[in-house]
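S.K.: Model the following, please.
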Amino acid sequence: MENMYDFGLVGLGVMGRNFILNVADNGFKAFGNDVDPIKVNALIEEGGDTNRVNASTDLKTFVDSLSSPRKIMLLVPAGKVVDIVIENLLPFLNHNDIIIDGGNSFFTDTDRREAYLQEKGIHFFGSGVSGGAKGARLGPSIMPGGNREAYQHVRPIFEAVAAKAHGEPCVAYLGPKSAGNYVKMVHNGIEYGLMQLTSEIYDLLKKGGEYSNELLHQTYAKWNSGRLQSFLVQITAEIFEQKDELGEGDLIDKILDKAKQKGTGKWTSQNAMDLGIPIPSIDIAVSMREISALKEERVRADALYNRPDITTMNKAKLGTLAEKALFFSFIVTYAQGLHQLSDASKEYGYDLNMAEIAKIWRAGCIIRAGLLGDIMQAFQEDNDLPNLLLSPRFVEKIQDTIEAARELVSYAAQNGIVVPGLSNSLTYFDAYTSARLPLNLIQAQRDYFGSHTYERLDREGIFHTEWEE
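M.R.: Numbering: from 1, shown residues only. Coordinates of the predicted model:
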């Protein structure tokens, strides 16, 4: 078969179908593959012109339809499925063909696969794709890493299909090995944190200010036109307007309070622990999804304990505090995730450009926000900045909002309203900006019971004391 298609994609679920149609819409001929003939036929029908978009269930037909070097993207579930698809493709590939994993694979799996395929003369790299199904169709944020030369073959396609921020494509080569998958993993960790914070502020407004869903809609919509402008605040405003198609009233009030997860937030927390980087706003967001799953136990426990009677606050005052506290905690959550990226860059040899990461997150992805423009500029001024909280650009923003966060956390604690994301953000900030912490006592305790030694403030060296029983 004549090699006539520029780009191939395996996995024609909603994300895959939308991404390949996006490729075709931007002037590149695309060929898809899936084991499900229904999905194959759906793509052909929606594509409308098989000279522009085509698909097959047969892998040999699929591979033979692609121009060399073949550029094949996988949008299949992370894990063993990726390895199975790679093994199935290998008999039909030639040296220097390129496989791109566009799913949420764990970064060490990407390193393993790259080394394995390099021995066979096949280029492989991981590429994070964020934006959901709509983003895949209209323009996602794309985070590729791996072999730089191999990426150059795909670069024109990715730059064409990516979201645009101020005319600039939200895609950039990030670094060697698993850099792309790692950045996407931390992106998702930040996403967990921002979603948790947004939900906590909703709960505060509803319980503490008796906000109606209409007022919640108006409030979040207003915030989205200001410094909190972001995809998550935007869709939150829209959610409060949605009516229940299966009954009366608003849909938000009918949805079960159990949130699921796919694992990327957990991976972010686990790896941060390995690196020794504190990300408590993200950690608690993962834990809260796990607590939410204990619905039956929560209902039983609720009946056993008395909860405080909530003292409502003036709506206008609460709204002002909430806007400031959410902005404060958004900054802190980004700071934690970017701190992890900065440290991982050194640990794993990624050589990440932090300003470039903030730049490609400005549009297309789930955590896109106006705040990322300031974050990009902070790292342009100092790419070795260890933490966003050390940037002069953010000191005034924090100073303007920190007291509101303190007042809101105190109010929530007194009234039994659950705000662990907000309180963890505040505690992290206070700890990170404290020149002295009480960990000297912990060092003394460790030396007392385990002879683990300690260091001193007044002289160099390692010390041990024979403590009196």
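S.K.: quick one, what contacts residue 250?
M.R.: 213, 240, 242-244 (Cβ atoms under 8 Å, 6 or more residues apart in numbering). All C-beta spots, glycine's among them, are computed from the backbone N, C-alpha and C.
S.K.: count of neighbours near residue 342?
M.R.: Counted with other Cβ atoms under 10 Å, residues neighbouring residue 342 total 22.
S.K.: What's the local residue count around residue 413?
M.R.: For residue 413, using other Cβ under 10 Å, the count is 13.
S.K.: Need the pLDDT of it.
M.R.: The per-residue pLDDT reported for residue 413 equals 97.
S.K.: Over to residue 109?
M.R.: 95.
S.K.: Buried ones in the strand or helix carrying it, by neighbour count?
M.R.: Under the criterion of DSSP states H and E, residue 109 resides in helix 107-118. Buried residues in helix 107-118, counted by 16 or more other Cβ atoms under 10 Å: 107, 109-111, 113-114, 117.
S.K.: got it, and stretch 199-213?
M.R.: In stretch 199-213, counting by 16+ other Cβ under 10 Å, buried: 199-202, 204-209, 211, 213.
S.K.: closest to residue 395 among these?
M.R.: residue 201 (23.3 Å; Cβ to Cβ).
S.K.: Need the mean per-residue confidence for the helix or strand hosting the closest one.
M.R.: Here residue 201, judged by DSSP H and E, is contained in helix 179-208. The average pLDDT for helix 179-208 rounds to 97.
S.K.: quick one: the strands in the stretch 301-450 of the chain?
M.R.: Counting by DSSP state E, counting those that start in this stretch, the stretch 301-450 of the chain has no strands to list.
S.K.: swap that for the stretch 1-150 of the chain, sorry
M.R.: Under DSSP E, counting those that start in this stretch, the stretch 1-150 of the chain gives strands at 7-10, 30-33, 53-56, 71-74, 98-101, 123-130, 141-144.
S.K.: Okay, now the unreliable bits of the stretch 51-200 of the chain?
M.R.: Applying pLDDT under 70 to the stretch 51-200 of the chain flags no residue at all.
S.K.: give me that answer again for 90
M.R.: Filtered on pLDDT under 90, the stretch 51-200 of the chain yields the residue ranges 51, 77-79, 103-104, 132-135, 149.
S.K.: coming back round to it: the strands of the stretch 1-150 of the chain into a markdown table, with extra columns for mean neighbour count and distance to residue 443?
M.R.: Converted to a markdown table, those look like this (neighbours: other Cβ atoms under 10 Å; distance: least, Cβ to Cβ, whole Å):
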| stretch | mean neighbour count | distance to residue 443 |
| --- | --- | --- |
| strand 7-10 | 26 | 54 |
| strand 30-33 | 29 | 58 |
| strand 53-56 | 22 | 63 |
| strand 71-74 | 26 | 49 |
| strand 98-101 | 26 | 44 |
| strand 123-130 | 27 | 40 |
| strand 141-144 | 30 | 40 |
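S.K.: Switch those strands over to JSON lines; also include distance to residue 387.
M.R.: Shown next, in JSON lines, are the strands of the stretch 1-150 of the chain (distance: least, Cβ to Cβ, whole Å):
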{"stretch": "strand 7-10", "distance to residue 387": "39"}
{"stretch": "strand 30-33", "distance to residue 387": "42"}
{"stretch": "strand 53-56", "distance to residue 387": "46"}
{"stretch": "strand 71-74", "distance to residue 387": "35"}
{"stretch": "strand 98-101", "distance to residue 387": "31"}
{"stretch": "strand 123-130", "distance to residue 387": "23"}
{"stretch": "strand 141-144", "distance to residue 387": "21"}
